[in-house]
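J.: Pasting the sequence and the predicted model now:
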Amino acid sequence: MTAIPDLVRPTSPALPTARGPLSAAVLTALTAGNPETTAALVREAGTEAAGADPYGEDLQLALYALYELHYRGFAGVPERCEWDPDLLRLRGVLEDRFLSALRSHVPAGRTVGDAIGELLVEPVAQHGADQPQSVAAHLQYRGELWQFREYAALRSLYHLKEADPHAWAIPRLAGRAKAAMAAVEYDEFGAGRAEDVHARLFAELMRDLDLETAYGHYLDAAPGPALPPVNLMSLLGLHRALRGALVGHFACVEITSSPGSRRLAAALRRLGAGPAAQRFYDEHVEADAVHEQVVRHEVIGGLLEDEPALESDVAFGADATVFLEDRLGAALLECWRVGASALREPLQPPVPPEPSGAWSLPPDADPDGA
């Protein structure tokens, strides 16, 4: 097999900048250096967590940092922190706040038919409509290239580890559900070809859009609503008790991916992006149309055949995903519709800029880069 240079470099990112007292205590605890200091900082963070907004960027960044210990970790943070008992207890407190909020905002007792049936009906978005109702529709018909670059930067928080959180479902499934889940994940990881791993394809998209491809690079730039959707899949993946919800999340991603990717691929062609950028979404149009059928009939069907009591959990996982994605989409469109950057730190301009002006900047961006 030919060696392929890895655009998604296997290195740990730097720790992010704190966004409040809770995340400050957690980030400091990760580099405290001794158990006593760590324990004291964790107690401080636990006190802050009691009054924190469960969807707010302070709590969500703290949770993101604790989850990241199970993926690439952070530069300068000892690997033993992954299983530090004080940090794990704190993570449990934050997860309880997050999960309780989701359960209060997502309808309870829904069936898989309810949740999945709604996902199979794509909202109609007309070309030229005053207000496209989704981010994908906005980018397809009205988006500017600087907006798509922002979108890609935000999505890199997940897509550079695409399919990793869902892999935790495999040991928790059996029979046809396990076999089908493994088959879909095999495709996500390139079907044995390093050059086709979906995380790598997204890094190539980023490079085509003149974005930094380093794992976790845009975490500090991500607005608060971008963190809960990524944290949700880690929350569901790390808890066996939430395996049904993880399958529901996975189903939601696969079912909505193909039509959304078709819109995003069309947007990139309209905006004149390069072939690598287009390939990522073109690949998902075809692959995820197949994956949708496998997930619906084999993964969900197999799971509920084995464990029918998990049906409401599967529906919850799908519904919670939609709820958080809708929050993020609303935040992005609110900014873009008035010509403002949706990022906490506007992107640097591409180098070199296109003479046509396609590589335009948001009006509020720093022309020297941020």
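T.: Thanks, I have it. Numbering: from 1, shown residues only.
J.: any idea which helix or strand comes after the top helix by length along the chain?
T.: For the chain, the helix with the greatest residue count under DSSP state H is helix 243-271. From helix 243-271 onward toward the C-terminus, using DSSP states H and E, the following helix or strand is helix 275-294.
J.: Between helix 243-271 and that following helix, find me the angle.
T.: Computed by axes from the mean of the first three to the mean of the last three CA atoms, to 10 degrees, the angle separating helix 275-294 from helix 243-271 equals 140 degrees.
J.: Check which helices and strands helix 275-294 sits against.
T.: helix 175-188, helix 198-208, helix 243-271 (3 or more CB pairs under 8 Å, 6 or more residues apart in numbering; DSSP states H and E). The C-beta positions use only the backbone N, C-alpha and C, and glycine is treated the same way.
J.: Would you indicate which residues of the one helix or strand residue 315 maps to are buried?
T.: If you go by DSSP H and E, residue 315 is part of helix 311-336. Of all the residues in helix 311-336, those buried under the rule 16 or more other CB atoms under 10 Å are 311-325, 327-329, 331-333, 335-336.
J.: name the helices or strands packed onto it?
T.: Judged by 3+ CB pairs under 8 Å, 6+ apart, helix 311-336 is in contact with helix 85-105, helix 112-119, helix 135-141, helix 145-159, helix 227-237, helix 243-271, helix 301-306.
J.: Arrange those in a markdown table, one row each, with mean neighbour count as further columns.
T.: Shown next, in a markdown table, are those (neighbours: other CB atoms under 10 Å):
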| stretch | mean neighbour count |
| --- | --- |
| helix 85-105 | 17 |
| helix 112-119 | 17 |
| helix 135-141 | 23 |
| helix 145-159 | 23 |
| helix 227-237 | 24 |
| helix 243-271 | 23 |
| helix 301-306 | 18 |
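J.: distance of residue 100 from residue 238?
T.: For residue 100, the distance to residue 238 (CB to CB, to the nearest Å) stands at 17 Å.
J.: Repeat that for residue 71.
T.: 11 Å.
J.: before we move on, what about residue 169?
T.: 11 Å.
J.: and residue 284, what does it touch?
T.: If you count contacts by CB atoms under 8 Å, 6 or more residues apart in numbering, residue 284 has them with 198, 257-258, 261.
J.: Could you dump these into JSON lines and include distance to residue 78 and pLDDT?
T.: JSON lines is the format used below for the contacts of residue 284 (distance: CB to CB, whole Å; pLDDT from 0 to 100):
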{"residue": "198", "distance to residue 78": "30", "pLDDT": "94"}
{"residue": "257", "distance to residue 78": "37", "pLDDT": "87"}
{"residue": "258", "distance to residue 78": "42", "pLDDT": "86"}
{"residue": "261", "distance to residue 78": "39", "pLDDT": "92"}
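J.: Report the two of those residues separated the most.
T.: Farthest pair in these (CB to CB) is 198 and 258. Separation: 13.9 Å.
J.: which regions of the stretch 1-150 of the chain lie under the pLDDT threshold?
T.: Within the stretch 1-150 of the chain, the segments meeting pLDDT under 70 span 1-9, 122-132.
J.: and with 90 instead?
T.: Along the stretch 1-150 of the chain, segments meeting pLDDT under 90 span 1-11, 33-35, 38, 108-109, 117-133.
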